[in-house]
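Novice: Kindly return the folded structure for what I paste below:
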Amino acid sequence: MAKICLCLTAKTIERNLEILNKYRKFTDVAELRVDCLDPDERLHIRRFPEIANLPVILTIRRDSDGGHFTGGEGARIRLLARGLAFANADRRKNFAYVDIEEDLNVPSLEEAARTFGTRIIRSYHNMDGIIDDIPAKINSMKHVGDEIVKVAVKTNSTKDVIQVFRAAKGCNIQDKIIICMGHYGFYSRILSEKFGSIMTYSSALSETVTPGAAWQLDVQELNELYHFRKITNKTKVYGIVGYPLEASVSPGAFNTAFGIENTNAVYIPFPSDSINDLLELAGELEIQGLAVTVPFKEAVVPVLTRGSEAVHSIGACNVMYRSPDGWFGDNTDSTGFSTAILGFIGKKNLKRKKITVIGAGGMARAIAAEIFRIGGKALILNRTVHKARNIASLYNFRWGGLDEHGIKLIDKFSDIIIQATSVGMEGYEDFDPLELYRFSGKEAVMDLVYCPAQTPFLKRAAAAGCKTINGYGVVISQVCHQYKQIMGREISQQLLSRIVKTTGEGTWNKIRVG
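Specialist: Purely as a prediction, here's the structure:
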């Protein structure tokens, strides 16, 4: 089973030991990043394995490989030799591993390591992108039988991730570490078993130290959110696909449920630049189901083998499941929205309600369909006016742009105002999609964004005296529908309460990486 390595990047030995002790129960191996230590502290690295009291990797990463060591190779080799010197007969007091880049050829250093049982991790890092023949690179790196080959490459697209995965699976070297660095491949750090890796690298992101590498996951979340140590090749994989996908309730909700019910499954975020490429990867990883979010809700419809009536009527899909004949798509946005909005206003339907919807994406399409179904009248506003018109024309609704003319129309559709774009999400917190409109205080206002819990749009409405709600209730309703599809049964109230407690606290709603 793949091990969890905690990268220790503090400036002093003492601080690294404090961090290790704090997260020891989540850690199988520690990596002492000597390149991050203060110069004087580097003199004392030899004693670290003994005081760490668990296997330690000795690493001095060059700046060209994503590290912080800027000295010459001679100085770095002397430091590596210092760490391996005066080997103890008790191997637990020596470094268990030493990371040596594939282009560093120092036979005496390697022989010293092997003599006293220190395994060599032969590493290759490419911070720019993948290389053409990854299998050849992997097979050429191993010098001696007991070495571990590590290949970490920047994946700039989902297609890159597919290439790395296929190379890893087709490689006959058993002891290897394969890492897809960057946004698009960070889930390779969770699915180490699936990628054929014997180890994943993590950081203590709650500590005020430099992460071991960009897009490393938090060591505690690897354990408590994704249940890393329980993931095997038999673990069923589910997830959510979108971009940029920096926040989602779904991983926290479903992984909480899987943990409580002892289900051998994991739910993972899959940021992607292409829905077609992601579905190709889904076939390789045997992903069983996916929630679909911005910007793929409409783009995914043509690639479905079958779709529900809701998918065909709305023209968007927000959840898909693997079936014997291919992918089946459904849309739970509409039912999730109606459950949340009717509970919010305390009504059984939207009759005699005049509603403004901001946006014209997949979520706005589902909301418009549901408003029509339960008796409301709506105004659809969007920066791209023809998209608003296309939705509105389906239900004889009004439409307009987010200009002065469109804003004036809101006065006649101001019982409820619904913000259905991604504006206000983390990364876009400074934007208000309706900044030209002045709330009277009588409107009921919903923002489908839930992370952060209060967007500038929602704050401004609340300050004017409006009754407000974010999109958390909508997504929890969606989780309930998706749970039924995955598990084949309704979610229990007790389990739902646990999920709400976990995700409602915001503990795991943001996807945290280095």
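Novice: hang on, Val209 packs against Ile19?
Specialist: Yes: judged on C-beta atoms under 8 Å, Val209 makes contact with Ile19 at a distance of 7.0 Å. Where you see a C-beta, it was placed from the backbone N, CA and C, and this is true even at glycine.
Novice: Among those two, which residue is more densely surrounded?
Specialist: Legend: neighbour count by other C-beta atoms under 10 Å for Val209 and Ile19, higher for Ile19 (22 against 19).
Novice: what's the spacing between the more buried one and Ile231?
Specialist: 24 Å (C-beta to C-beta, to the nearest Å).
Novice: Now do the shared contacts for Val209 and Ile19.
Specialist: Taking C-beta atoms under 8 Å, 6 or more residues apart in numbering as the contact rule, Val209 and Ile19 both touch Ala10.
Novice: ranges for the helices of the stretch 101-250 of the chain?
Specialist: 107-115, 134-141, 158-170, 219-224, 250-260 (DSSP state H, counting those that start in this stretch).
Novice: mean pLDDT lowest for which of those helices?
Specialist: Out of the helices of the stretch 101-250 of the chain, helix 134-141 stands lowest, with a mean of 88 (criterion: mean pLDDT).
Novice: Can you tell me what sits against that helix?
Specialist: 102, 122, 124, 131, 149, 151, 153, 163-164, 167-168, 170-173, 176.
Novice: Likewise for stretch 305-313?
Specialist: Under C-beta under 8 Å, 6+ apart, the answer for stretch 305-313 is 301, 304, 317, 323, 325-332, 334, 366, 369.
Novice: Roughly how far does Ala265 sit from Asn382?
Specialist: Taken as C-beta to C-beta, the span from Ala265 to Asn382 is 38 Å.
Novice: So for these two, which sits in the more crowded spot?
Specialist: Between Ala265 and Asn382, Asn382 has the larger neighbour count (other C-beta under 10 Å), namely 26 against 21.
Novice: Can you read off the pLDDT for that one?
Specialist: Note on Asn382: pLDDT of 97.
Novice: same thing with Trp508?
Specialist: pLDDT, Trp508: 55.
Novice: residues contacting the closest residue to Ser477 other than its chain neighbours?
Specialist: Spatial nearest neighbour of Ser477, chain neighbours left out: Gly336 (3.9 Å); criterion: C-beta to C-beta, 6 or more residues apart in numbering. Contacts for Gly336 (C-beta under 8 Å, 6+ apart) come out as 474-475, 477-478, 481.
Novice: What is the neighbour count of the closest residue to Ile190 other than its chain neighbours?
Specialist: The shortest distance from Ile190 to any residue other than its chain neighbours is 5.2 Å, reached at Tyr226 (C-beta to C-beta, 6+ apart). By other C-beta under 10 Å, the residues close to Tyr226 number 23.
Novice: same check, this time on Val29
Specialist: Residue neighbour count, defined by other C-beta under 10 Å, stands at 18 for Val29.
Novice: What ranges in the stretch 401-514 of the chain fall below the confidence cut-off?
Specialist: 426-429, 505-511, 514 (pLDDT under 70).
Novice: Which residue ranges of it form helices?
Specialist: With helices called from DSSP H, counting those that start in this stretch, the stretch 401-514 of the chain shows them at 404-409, 456-463, 472-487, 493-504.
Novice: Then the stretch 251-400 of the chain?
Specialist: 275-285, 309-314, 333-345, 362-373, 385-392.
Novice: Roughly how far does the nearest residue in space to Val449 that is not next to it in sequence sit from Lys459?
Specialist: Nearest non-adjacent residue to Val449, counting by C-beta to C-beta, 6+ apart: Gly424, 4.5 Å away. Taking C-beta to C-beta as the criterion, Gly424 is separated from Lys459 by 10 Å.
Novice: and these two? which has more neighbours close in?
Specialist: Taking other C-beta under 10 Å, Gly424 and Lys459 do not tie; Gly424 has more neighbours (26 against 15).
Novice: Against Ile410, how distant is the more buried one?
Specialist: Computed as C-beta to C-beta, the Gly424 to Ile410 distance reads 18 Å.
Novice: Need the winner for burial among the helices of the stretch 251-400 of the chain.
Specialist: The highest mean neighbour count among the helices of the stretch 251-400 of the chain, using mean count of other C-beta atoms under 10 Å, belongs to helix 362-373: a mean of 24.
Novice: If anything else comes up later, I'll come back, but that's it for now.
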